[in-house]
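> Mind looking at a prediction? Sequence and model below.
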Amino acid sequence: MLTDFFKALGQLPDRRFRRVLLLGIALTVALLFGLTVALTWLVGWFVPDTVSLPWIGEIGWLDNLASWATVLLMLVLSVVLMVPVAAAFTGIFLDDVAEAVEERHYPALAPVGHIPVLESLRDATALIVVTVAVNLVALVLLLFVGPLAPVLFWAVNGYLLGREFFQMAAMRREGREGANRLRRRHAGQIWFAGTLMAVPLSVPVLNLVIPVLGAATFTHMYHRLAGR
């Protein structure tokens, strides 16, 4: 498993990796910035400019306070939001990353056809919905598990990320049914690899690089488990 990761890490200077990495970072930053601006505007629209309180008088800075609080909240939530963003990354960019990996490390393999765009978008959208829903439930449970909260967060998202990244990597050559069989056969190892991916996704800045490394790592993992 570590060999899979170090192979992926060693290919970061690859031109195709850099292109996907820069594009993924740009889209991620743009998405998080857009959500922050939209939420800040929404909060500013609901919070009045001034509020009159008994014995205190008028307070005219609540809207500014609410806006700054929203920005801080988004910085915290960005750790959670990076998981569905990474999930979306799979459906959009994994094919390009997998091709670059196979050209360099598995040149004897015949090229494969691209997964249809609509099918990729459907799978990515379904995963994003499931990921957001599961994380909302996990956020509630985090209040009751105390110091085990990070472990629960990583384990839940590790399962989701491992399942999706491996599935997409395997489907290119095995088809959906073949990918499902291979994933079920090695479910524990895939879950563990997904958890190792979920941990650095919790670290700001570093989490921008993880999706492309994850896509490459799971491509290597698929070929290893498939016996190549």
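Yes, it's here.

> so what's Tyr222 closest to, chain neighbours aside?
Nearest residue to Tyr222, sequence neighbours excluded (CB to CB, 6 or more residues apart in numbering): Ala169, at 4.3 Å. All C-beta spots, glycine's among them, are computed from the backbone N, C-alpha and C.

> I'd like to know which elements the helix or strand harbouring that neighbour is packed against.
Using DSSP states H and E, the element containing Ala169 is helix 149-185. When contacts are defined as 3 or more CB pairs under 8 Å, 6 or more residues apart in numbering; DSSP states H and E, helix 149-185 packs onto helix 62-105, helix 117-145, helix 187-201, helix 210-225.

> can you give me the angle the third one makes with helix 210-225?
What that stands for is helix 187-201. Here helix 187-201 runs at an angle of 160 degrees relative to helix 210-225 (axes from the mean of the first three to the mean of the last three CA atoms, to 10 degrees).

> Name the nearest residue to Gly162, ignoring sequence neighbours.
Leaving aside its sequence neighbours, Gly162 sits nearest to Gly194 (CB to CB, 6+ apart; 2.3 Å).

> correct me, but the one you found touches Ala155?
No: counting by CB atoms under 8 Å, Gly194 does not reach Ala155; the two are 9.2 Å apart.

> With neighbour numbers in mind, choose between the two.
Set Gly194 next to Ala155 and count neighbours by other CB atoms under 10 Å: Gly194 wins out with 24 against 16.

> tell me the contacts of the more buried one?
Gly194 makes contacts with Asn157, Gly158, Tyr159, Leu160, Leu161, Gly162, Arg163, Phe165, Phe166, as judged by CB atoms under 8 Å, 6 or more residues apart in numbering.

> For the residue nearest to Gly162, give its distance to Ile210.
Going from Gly194 to Ile210 by CB to CB, to the nearest Å gives 11 Å.

> just Gly162 next, same as before
Distance, Gly162 to Ile210, by CB to CB: 13 Å.

> So which of those two has more stuff around it?
Between Gly162 and Ile210, counted using other CB under 10 Å, Gly162 has the larger neighbour count: 27 against 22.

> what sits against the more buried one?
Taking CB under 8 Å, 6+ apart, one finds Ile190, Trp191, Phe192, Ala193, Gly194, Thr195, Met197, Phe218 in contact with Gly162.

> what about the nearest residue to Met221 once chain neighbours are set aside, how many residues close to it?
Closest residue to Met221 apart from its sequence neighbours, by CB to CB, 6+ apart: Asp4 at 4.9 Å. Asp4: 19 surrounding residues under other CB under 10 Å.

> Specify the angle between the helix or strand hosting Asp4 and helix 210-225 in degrees.
Using DSSP H and E, Asp4 falls within helix 2-10. When the same axes, to 10 degrees is applied, the directions of helix 2-10 and helix 210-225 differ by 130 degrees.

> Which strands or helices does helix 2-10 pack on?
Right, helix 2-10 is packed against helix 62-105, helix 210-225 by 3+ CB pairs under 8 Å, 6+ apart.

> Mean pLDDT lowest where, among those helices?
Lowest mean pLDDT of the helices and strands packed on helix 2-10: helix 62-105, a mean of 72.

> With that, I have no additional questions.
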